[in-house]
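[1] generate coordinates for the sequence data below:
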Amino acid sequence: MRDQFTNTQQIRKPAVTAKGGIVAAQSGKAAAVGAEVLAAGGDCVDAVIATTFALGVLEPWMSGLGGGGAMVLYRAREDRYEVIDYGMRAPLSLRLEDYPLSGGAASDLFPWARVKDDRNIHGPGSIAVPGVVAGMEEAHRRHAKMPWQELLAPSVALAGEGLAVDWWTTLMIASAALDLRRYPASAAAYLVDGLPPNAPWGIKTRVRLPQDKLKATMAHLAAQGPRDFYEGDLARSLAADVRSAGGALSVEDLIPFKAFLREPLAIPYRGGKVFATPELTAGPTLARTLDLLQRNLQPAKSGPDAATYTAYAEALQTAYRERLKDMGDADGRRALGAETLAPACTTHFSAVDRDGNMAAVTQTLLSSFGSKFVCPQTGITMNNGIMWFDPTPGTPNSLAPGKRCLTNYTPVVAQPSDGRRTAIGASGGRRILPAVTQLLSFVMDYGMDLDAAIHQPRIDASEGAIVIGDVRLPKSTRESLRARFDYEEARIQTTPMKFACPSVVLRDGATNSGATEVFQPWSEAVAEA
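    Numbers count the residues shown, from 1 in each chain. The predicted structure is shown next:
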């Protein structure tokens, strides 16, 4: 039966090409902050730091100081790839008896048993130790050219302007308003008289939500440096706010937290290599998927055809079955567990500078607005990383003090056999891996440029036996998938997104290009002036 949406509308978002650096992000305004840093002579990593903190102010439902993440870096002069891992961790002071099972299924992203009062899903009890500031600290220490305070200055200014309310802001806040209004500081930050703010109709009218506390926090962090978040006044303030509301986060949890420098997974593919995040991310599952594709996909010269998409679906389904069977963090080791069946709320951006340094950066609060808990003293929206763990005892991904979180993100930097180089990643929970896989294939198997790759229809095969196909796929491809799989069709749309939301950059010789998800209303690839 025909749905209510038009089938004739065509929307494109052309890739950007430049000799200078480019930042591609889910917020074009944040990407512009990174591009301005590049124009001022900053390194790719300088742009990463400035963009990270700008994103936390501009789209606080996706990421921010209270979240975690990982990045894959390519350093051109040394011809070296590296990973900085700043994923979240359960507080050491967490008590398992505070998370009793209440019967039934959880009410959010994961297929867990339900915990009494949804303590693991929202509120102070759902907060894990955040890692974003530690990640930026490590990146700055290793590679930055510009002072820390200078890189945070744009986010301080943005917070001073207040959160601009447009239709997308209204929609994002409305989607979480039921839980935001449970917590006074959250309601004060994001709601107006207990309701989502309305975007203005008047062409000259502006509506902004004040972010005065967040501005003061950003200014303090800029002046005092990143360690203050874990060891100084900010650490004490965060811990006091969370613990006074009934959570477990303590100063003792924050003090030892550091980001990890890791060797990336080096995945051979079609004569080139893909460098991905290791361990408790989707990187190992990507390695398995690409191995299956390399053995079973024979790329057609005419471009992706029905056999291509069938190979994508089969490889992804096989890799996911293995992932859900044996991943998690038991006693600090990779072990068994399960993960989200639905998209999480995450941000991804990619960057390249004029010297060829590259970064793929994925960061998250986990759910939309994370824990829905805004710390009253600092204005920081905190993660709900505890929801990543199975609350049922005795499984490899069961909740435990000090345990690292199993995540879906998989930022990558890849070098195809033709000598180009690309940084790819996406937001969208389990749907991230299928998007990254297909974009890699479009570039490495079919030689596409970014404009072609970002507009090429994709499938999703992350939901068990179901394969979701873009309605724009050719009829023959859709019929082939329908004959082989439990097949459903979906359109690319702004919300709810049925596919992941990628942001990509590519370097070909001395020319850079960038592209973002066509239907994400704020996303943009921005080149330095």
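
[2] can you show me the CA trace of the strand or helix carrying T346 as PDB?
    Here T346 sits within strand 345-352, counting by DSSP states H and E. As requested, the backbone C-alpha atoms of strand 345-352 are provided in PDB (Å, rounded to 0.1, in the frame of the first residue of the first chain):
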ATOM      1  CA  CYS A 345      22.200   9.000  19.200                       C
ATOM      2  CA  THR A 346      25.800   9.700  18.100                       C
ATOM      3  CA  THR A 347      27.700  12.100  16.100                       C
ATOM      4  CA  HIS A 348      30.500  11.400  13.500                       C
ATOM      5  CA  PHE A 349      32.700  13.800  11.700                       C
ATOM      6  CA  SER A 350      35.700  13.400   9.400                       C
ATOM      7  CA  ALA A 351      38.500  15.900   8.700                       C
ATOM      8  CA  VAL A 352      41.500  16.300   6.300                       C
END
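
[3] I49 contacts E150, correct?
    No: the pair I49 / E150 is not scored as a contact, 9.9 Å apart, by Cβ atoms under 8 Å. (Each C-beta comes from the backbone N, C-alpha and C, glycine too.)

[4] pick out whichever of these two has more residues nearby.
    Each of I49 and E150 has its neighbours counted (other Cβ atoms under 10 Å); I49 has more, 28 against 16.

[5] got the contact list for the more buried one?
    Listed by Cβ atoms under 8 Å, 6 or more residues apart in numbering, the contact set of I49 reads 136, 139-140, 144, 148, 151-152.

[6] out of these, who's the most crowded?
    Counting neighbours by other Cβ under 10 Å, M136 leads the contacts of I49 with 31 neighbours.

[7] just checking, that one touches T51?
    No: here M136 lies out of contact with T51, judged by Cβ under 8 Å, at a distance of 10.2 Å.

[8] where do the helices of the stretch 351-500 of the chain begin and end?
    Using DSSP state H, counting those that start in this stretch, the helices of the stretch 351-500 of the chain run over 432-444, 450-455, 475-484.

[9] mean neighbour count, distance to Y320 and mean pLDDT added to those, as CSV?
    Below are the helices of the stretch 351-500 of the chain laid out as CSV (neighbours: other Cβ atoms under 10 Å; distance: least, Cβ to Cβ, whole Å; pLDDT from 0 to 100):
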stretch, mean neighbour count, distance to Y320, mean pLDDT
helix 432-444, 27, 8, 97
helix 450-455, 21, 23, 98
helix 475-484, 15, 17, 97
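
[10] just name the shakiest helix or strand of the chain by mean pLDDT.
    The helix or strand of the chain with the lowest confidence, counting by mean pLDDT, DSSP states H and E, is strand 333-334 at a mean of 34.

[11] still on that earlier bit, next, give me the two most distant ones among the contacts of I49.
    The two members of these with the most space between them (Cβ to Cβ) are A139 and L152, at 13.2 Å.

[12] buried residues in stretch 252-267, which are they?
    Residues 253-254, 257, 259-260, 262, 264-265, 267 are the ones in stretch 252-267 that count as buried (16 or more other Cβ atoms under 10 Å).

[13] residues making contact with that stretch?
    Residues contacting stretch 252-267 (Cβ under 8 Å, 6+ apart): 72, 81-86, 89, 91-93, 129, 131, 134-135, 137-139, 142, 229-231, 235, 238-239, 273-279, 283-284, 286-287, 290-291, 413.

[14] alpha carbons of that stretch, in PDB - could you do that?
    In PDB, the C-alpha atoms belonging to stretch 252-267 read as follows (Å, rounded to 0.1, in the frame of the first residue of the first chain):
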ATOM      1  CA  GLU A 252      37.900   8.700  42.600                       C
ATOM      2  CA  ASP A 253      36.300   7.400  39.300                       C
ATOM      3  CA  LEU A 254      37.400  10.500  37.400                       C
ATOM      4  CA  ILE A 255      41.000  11.000  38.600                       C
ATOM      5  CA  PRO A 256      42.600   8.000  37.000                       C
ATOM      6  CA  PHE A 257      40.600   8.200  33.700                       C
ATOM      7  CA  LYS A 258      42.800   8.500  30.600                       C
ATOM      8  CA  ALA A 259      42.400   7.900  26.900                       C
ATOM      9  CA  PHE A 260      44.200   5.000  25.400                       C
ATOM     10  CA  LEU A 261      46.500   5.100  22.300                       C
ATOM     11  CA  ARG A 262      45.900   1.900  20.400                       C
ATOM     12  CA  GLU A 263      47.200   0.200  17.300                       C
ATOM     13  CA  PRO A 264      44.400   0.200  14.700                       C
ATOM     14  CA  LEU A 265      43.200  -2.900  13.100                       C
ATOM     15  CA  ALA A 266      44.900  -3.100   9.700                       C
ATOM     16  CA  ILE A 267      42.400  -4.900   7.500                       C
END
